[in-house]
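**Q** Predicted model and sequence follow; I will ask about them next.
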Amino acid sequence: MKHIIVAHSFLFSLFLFGCGISNYDRGQDFLAQGELKAAADYFTAAADENVGQDEAHRELGITYYRGRFFPQAVTHLQIASQTLQDERTALYLGMALENGQQYDQAIAAYERFVDLNDSPEIVYQTQARLVRLRNQHLTQLAENAVQNEAQINLTTIPTNSVAVFYFELLSGRDGLRPLQKALTDLIISDLNKVSALQVIPRLDLQRQLDQMQLQQDSVFNQASQERIGRLLGASKVCTGTIEGLAELDLRLNANVIDSRKVGQIEPASVQQGPEADFFELQKEMVSDILDALGVEATSREKRAIKRQSTRSLPAVIAYGRGLDASDKYDLELAEQHLQLSLKEDPAFQPALDQLNYVRLMAVATNQSLDEIDKLVTDGTKFEKARQRRLNRMNRFLSRQFAPPAAADAPREGDIDPPQNEIQIVITN
C-alpha cells in the first residue's frame, strides 16, 4: 500500500530542519535549568535583536539577580520597566534594588508589583516585605541625617512642617506612662487632617531617636528636641508634658518650638481635668496647637478633628504599650497589648492598624526573598501552562469550526506558495 503526500518545498524544509528556536527561547530553557552563564549569553543576544528587546532585558535582569549580580540586574530591569508594566519586572526590580539597599526605589517597585498581582498570598507576603523595607528606609534616612547634619540648610525646611515629640511624664501615676506615645500618636492623627500642614509620622521620630541613642535625661531637653526637628526636616516641634494629679486629675501641657531658632519656645496649651475627660482635653489641646502654629483649619477639617476614634482610656493606654513594644521589635508583646486595647474597644481603628502592622512585621521577620521568588516563579509556571492549554484549545476550535472556504482562502499578508512541488512516496 502506498500513501502519496504532496507538499510544497518550503514545508519539506521545515520537516527536515525543524522550527528555528530563538535566542530568547534558548535563554529561557537555560534559566529554567539554572545554567545562568548560558542564559545570560542568549538573553544578551536577544536584547540586541529588534524584536522582544524589553522581554529580553527583563529576563537578563532576572538572570543577573539569580546570579547575585544586583547592579547589573537593576540596570536591565530598569530598561525593561520603561515599557513593560508587568508584575515579573516590578518584583525582580524591587528585589534587586533591595539587595542594593536602594530602599526608596525598591519600595516603589514593590508597590507597583502589589497593584499588578492578584494572588492574595503573594500580595500579603509582599506587603510584609514593604513594612520591613519602610523601617529599613527610615533607619537609613536617620543615619544619613545625622551624618549630614552639618550640611542642613535651615532655609530649605518647609515652614508648614511639624513634628510632635513624645510627651514627658512629669510626676504622678506611672500607669500613665503609655500615654507618652499614645497621646503623641493621637495628636499626629488629628494634625494630619489639616491639609495646610506637613506632619512628620511618629515612626520617623522613633527611628531618628533610635539612631541618636540619647541618654534618658537628654531626651526631653529642648536643645535635643530642636535638633531632632532639624534632622526630621520639621520647622516646628510640638512638645509637652503629662502630669497625674490628685483625685485622678490630669494636667496636659503643650509648647511649640521653632527648630530653626535656638531657644525659641511658645506656650501653646494647658489643659486640666478628670481622667474621664481625657479625650475632650486632648481635642482642646489640638485646637490650641493649631492656633500656636498659626494655622486655620477649614470647617470640614475641624469636624474631622472633633471625631473621636475611641472613648476608652484603657484602650488608649494599652495602645500606648503596644506602640512601645512594637518600636522595640517585641512583636509578641505588642500583639498582646494591642489585643487588650481592642478588647476594650473593638472599633478602635489605630489599634487595628497597628495590630496589622505588627503581624506583617512578624511575617517579614521570618521571611526571605527566595520564598517570594519561588511563589512568583511557581505562579508564573502555572500561568504559562494554563496559557498553553488555552492556546491549544483555541487552535483546535479554530480548525473545528472555521468554514472550509474561509480556512482555505488566502489572508492579507500571505505570500504566494512556490510553484514547484515534490512528491514523497512512502511504502508500507
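**A** Received the coordinates, thanks.

**Q** pull the helix or strand with minimum mean pLDDT from this protein.
**A** helix 9-17 (a mean of 39; mean pLDDT, DSSP states H and E).

**Q** Starting from that one, tell me the next helix or strand along the chain.
**A** Note on helix 9-17: by DSSP states H and E, the next helix or strand toward the C-terminus is helix 23-32.

**Q** Could you list every helix and strand in contact with that next one?
**A** For helix 23-32, the contact count by 3 or more Cβ pairs under 8 Å, 6 or more residues apart in numbering; DSSP states H and E identifies helix 36-47, helix 53-66 as packing neighbours. Quick note: C-beta positions are derived from backbone N, CA and C, even for glycine.

**Q** Need the mean per-residue confidence for the last one.
**A** Predicted confidence along helix 53-66 averages 95 (mean pLDDT).

**Q** residues of whichever helix or strand comes after that helix that come out buried?
**A** Scanning forward in sequence from helix 53-66 by DSSP H and E, the next helix or strand is helix 70-81. For helix 70-81, burial by neighbour count (16 or more other Cβ atoms under 10 Å) applies to 70, 72, 73, 74, 76, 77, 78, 79, 80, 81.

**Q** Roughly how far does the last one sit from residue 87?
**A** According to Cβ to Cβ, to the nearest Å, residue 81 and residue 87 sit 11 Å apart.

**Q** can I see the domain layout of the protein?
**A** Listed domain ranges for the chain are 21-147, 156-308 (source: automatic domain parsing).

**Q** hmm, back to that, what would the buried residues of helix 70-81 look like in TSV with distance to residue 193 and pLDDT?
**A** As requested, those are exported to TSV (distance: Cβ to Cβ, whole Å; pLDDT from 0 to 100):
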residue	distance to residue 193	pLDDT
70	41	97
72	46	96
73	42	97
74	39	97
76	44	96
77	39	97
78	37	96
79	42	95
80	41	95
81	35	95
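
**Q** isn't residue 354 right up against residue 324?
**A** No. Applying Cβ atoms under 8 Å as the test, residue 354 and residue 324 come out as separate, 11.1 Å apart.

**Q** Looking at those two, which one has more neighbours?
**A** Applying other Cβ atoms under 10 Å to residue 354 and residue 324 shows that residue 354 carries more neighbours, namely 22 against 19.

**Q** In contact with that one, which residues are there?
**A** Residue 354 makes contact with 319, 322, 323, 326, 334, 338, according to Cβ atoms under 8 Å, 6 or more residues apart in numbering.

**Q** again, only this time at 10 Å
**A** Contact partners of residue 354, counting by Cβ atoms under 10 Å, 6 or more residues apart in numbering, are 185, 319, 322, 323, 326, 334, 335, 337, 338, 341, 342, 348.

**Q** So it: helix, strand or coil?
**A** What DSSP: H, G, I helix; E, B strand; the rest coil gives for residue 354 is helix.

**Q** what touches both of residue 354 and residue 324?
**A** 334, 337.

**Q** Let me see the backbone angles for residue 281.
**A** phi -60, psi -40 (degrees, to the nearest 10).

**Q** If you could redo that for residue 188, that was the one I meant.
**A** phi -60, psi -40.

**Q** low pLDDT regions in the stretch 151-300 of the chain?
**A** Residue ranges of the stretch 151-300 of the chain with pLDDT under 70: 172, 215-217.

**Q** quick revisit: please convert the helices and strands packed on helix 23-32 to a markdown table, extending it with mean neighbour count and distance to residue 294.
**A** Formatted as a markdown table, the helices and strands packed on helix 23-32 follow (neighbours: other Cβ atoms under 10 Å; distance: least, Cβ to Cβ, whole Å):
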| stretch | mean neighbour count | distance to residue 294 |
| --- | --- | --- |
| helix 36-47 | 20 | 57 |
| helix 53-66 | 24 | 50 |
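
**Q** where exactly do the strands run in the stretch 51-200 of the chain?
**A** Ranges of strands within the stretch 51-200 of the chain are 161-164, 168-171, 198-199, based on DSSP state E, counting those that start in this stretch.

**Q** can you put those in CSV and add mean neighbour count?
**A** Shown next, in CSV, are those (neighbours: other Cβ atoms under 10 Å):
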stretch, mean neighbour count
strand 161-164, 25
strand 168-171, 14
strand 198-199, 19
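
**Q** Check whether residue 362 really touches residue 333, as I assumed.
**A** No. With contacts counted by Cβ atoms under 10 Å, residue 362 stays clear of residue 333, the gap being 11.7 Å.

**Q** Tell me how far the closest residue to residue 187 other than its chain neighbours lies from residue 234.
**A** Nearest in space to residue 187, with sequence neighbours left out and distances taken as Cβ to Cβ, 6 or more residues apart in numbering, is residue 164 at 5.1 Å. Distance of residue 164 to residue 234, computed by Cβ to Cβ: 9 Å.

**Q** Give me the common contacts of those two.
**A** 199, 200, 205.

**Q** give the contact list for the second one.
**A** Contacts were defined as Cβ under 10 Å, 6+ apart; by that measure residue 200 touches 161-165, 188, 191, 208, 228-229, 232-234, 237.

**Q** Closest to residue 140 out of the residues you listed?
**A** residue 208 (11.6 Å; Cβ to Cβ).

**Q** Would you agree that closest one is in contact with residue 140?
**A** No. In this structure residue 208 lies outside contact range of residue 140 using Cβ under 10 Å: 11.6 Å.

**Q** quick one: which of the two has more around it?
**A** Taking other Cβ under 10 Å, residue 208 and residue 140 do not tie; residue 208 has more neighbours (23 against 17).
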